[in-house]
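Q: Provided below are the primary sequence and the corresponding predicted coordinates.
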Amino acid sequence: MNINWADKDKGATDGVRNIFSDDDANEVKQAVNSKLELIVLPIPTAGGNIILDAQNFIDLKFNSSANITSDKAISLTNFANCQRFTWLFTSDAHTLTFSGGTFINKGNPEWNGTGFVLTDPGYYKITGEFDGTNWLLKLE
């Protein structure tokens, strides 16, 4: 990809506006869109601990493959580019403890300082938003 910041035969405005060829512009657009689209990833929950792997996407949704039937440690991995996520799951009454980042929560009585204590079986949604330092988690 060649970037021509200023073309001698064009004015500065034209040189800046036309820095990419059509092919290069399409390549950049595809690369950006591949990271911006909402990605839905399945998460196995039947085994031991649960790993939420963001695969370095910016915004994504996780769907659990099975009901969570025991207490689980939840790890975040490949979240370097991730700014927000949503996790949909069903669970019996269990504790979900988060690791792999700094987490805060305001407003959920189920929060115990490191995770959520689910007291009722049901369908749940956890959203996470990254502020540059901490993950703000919300349970619904």
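A: Thanks, I have the structure now. Numbers count the residues shown, from 1 in each chain.

Q: Please make it C-alpha for all contacts and neighbour counts, starting now.
A: Noted.

Q: number of nearby residues for residue 56?
A: 15 (other CA atoms under 10 Å).

Q: Is it part of a helix or strand, or is it coil?
A: Assigned with DSSP: H, G, I helix; E, B strand; the rest coil, residue 56 falls in the coil class.

Q: That one reaches residue 78, doesn't it?
A: Yes. Using CA atoms under 8 Å, residue 56 is in contact with residue 78, at 5.2 Å.

Q: so where's the protein shaky on pLDDT?
A: 1-38, 100 (pLDDT under 70).

Q: And the strands in it, which stretches?
A: 39-43, 50-53, 59-64, 72-77, 84-91, 95-99, 103-104, 115-117, 122-130, 135-139 (DSSP state E).

Q: In this structure, which residue is most central in space?
A: The residue lying closest to the centre of the chain (CA atoms, centre = their mean) is residue 85, at 3.7 Å.

Q: distance of it from residue 104?
A: Counting by CA to CA, to the nearest Å, the gap from residue 85 to residue 104 is 15 Å.

Q: what's the span of stretch 77-96, first residue to last?
A: Stretch 77-96: ends 16 Å apart by CA to CA.

Q: ok, now how distant is residue 64 from residue 106?
A: From residue 64 across to residue 106, the span is 24 Å (CA to CA).

Q: More neighbours: these two, which one.
A: Neighbours were counted for residue 64 and for residue 106 using other CA under 10 Å; residue 64 has more, 18 against 9.
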